[in-house]
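Colleague: Okay, predicted coordinates and the sequence, questions at the end:
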Amino acid sequence: MCTYQTHKIVIAGSGKAPQGWISLTDAAVYVDHPVHAPQEHTVNIDFLNPGQGPSARVAVELTEEAALALADAIHSALAAAPPGLAAAAPPAGGTGHAGTGGAAG
């Protein structure tokens, strides 16, 4: 059963698309039939930048368990870091460089 409910938010970030790294300005989260994943339904997350056209999109299809684990991992990572470290405007004295635990690419 599809919920037909899409939760859209404004974001600030970057993602790696087929053409390389792109700025991301929007995200949409919904439960629906996946395009690629073998499950009947998945939690789908689209990260996009509509200002750069339809190819400026990174899509993710997750099982319910994986989506909940990802949400928990995000909360845990933020709780373990100093407050504001990954904020849009980092606190004064921040280094401004990538940490050691991020994804390379």
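Modeller: Ah, there it is.
Colleague: now the chain, which segments are flagged as low pLDDT?
Modeller: The model of the chain has pLDDT under 70 over residues 90-91, 93-105.
Colleague: Now do the strands in it.
Modeller: Ranges of strands in the chain, per DSSP state E, are 7-17, 20-32, 42-48, 57-62.
Colleague: deepest of these, which one?
Modeller: Among these, strand 42-48 has the highest mean neighbour count (mean count of other Cβ atoms under 10 Å), at a mean of 20. (Glycine included, C-beta is placed from N, CA and C.)
Colleague: Would you enumerate the residues in contact with the residue most central in space within the chain?
Modeller: Geometric centre of the chain, nearest residue: F47, 6.0 Å, by Cα atoms, centre = their mean. By Cβ atoms under 8 Å, 6 or more residues apart in numbering, the residues touching F47 are I11, G13, G15, L24, D26, A27, R57, V58, A59, V60.
Colleague: Could you list everything the fourth one pairs with in the sheet?
Modeller: On DSSP bridges, the residues paired with L24 through beta bridges are G13.
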